[in-house]
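1. Provide a 3D model corresponding to the input given below.
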Amino acid sequence: MHRLHIPLAAAGTVLAVTFLTAGTVDARSPGTDATGGMAVFADNCFSPFLTAAKARRAFNLANLRYDFYDLDPFSDVEPSPASGSVTPGTDRRCEVAFDGDYGARAAERAATALAQEGILTEAALPPTHADTATVGTVLLAARQLNPQRIAVVHVGTRPGPDGIETFMTVERLRPQQ
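-> The predicted structure is shown next:
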């Protein structure tokens, strides 16, 4: 019988590499899904150049659900039709949802993204959105995009397919006169 002698320092390195490798096999967690969801919302949903094709690519993350339509694009791209219901008066929606209760973090990330995009001027919440706040709403606010359009941002938690989910939504519409 042969004995293999590995110095303790080398054994520690082998164990560390083994644990690191094992940890990368399944690095997904609700927290990483949430961080990814918040990032793709912040990086894409306020862009007037987002299209359905770009949304499919950008939002192609595990455990991320999204809804996007743009019926009247700001740029010269083709409209992106709605695949589900359209909020009355809106011509664009970008929404992501992911498992877990991350409403406060998501609201903070949405507010930061609005500021980074220079979308700072408050607007009156339109009647179409006045009653949309739910028990899980953390942020519901309207911001002026330009003289022709406002954005309504709604962030919070709600029942989802796998329990509680966090949602981040921005809808664009004409201001009510």
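2. in the sheet, who's paired with residue 92?
-> residue 70, residue 172 (DSSP bridges).
3. ok, it to residue 99 distance?
-> Going from residue 92 to residue 99 by Cβ to Cβ, to the nearest Å gives 25 Å. From N, CA and C alone the C-beta is placed, and that goes for glycine too.
4. what is residue 151 paired to in the beta sheet?
-> residue 143, residue 172.
5. so what's residue 54 up against?
-> Residues near residue 54 by Cβ atoms under 8 Å, 6 or more residues apart in numbering: residue 44.
6. In three-state terms, label it for me.
-> At residue 54 the chain is in helix, as set by DSSP: H, G, I helix; E, B strand; the rest coil.
7. Please work out how many residues are found near residue 72.
-> Neighbours of residue 72 under the rule other Cβ atoms under 10 Å: 11.
8. element containing the residue nearest the centre of the chain, please.
-> Nearest residue to the geometric centre of the chain (Cα atoms, centre = their mean): residue 41, 3.4 Å. Assessed by DSSP states H and E, residue 41 sits inside helix 30-44.
9. Settle it for me: which of residue 92 and residue 99 has more neighbours?
-> A count of neighbours by other Cβ under 10 Å puts residue 92 above the other of residue 92 and residue 99, at 25 against 19.
10. Surely the more buried one is in contact with residue 70?
-> Yes. Between residue 92 and residue 70 there is a contact under Cβ atoms under 8 Å: 4.5 Å.
11. all strands for this protein, in order.
-> 64-70, 90-99, 122-123, 137-146, 149-160, 163-173 (DSSP state E).
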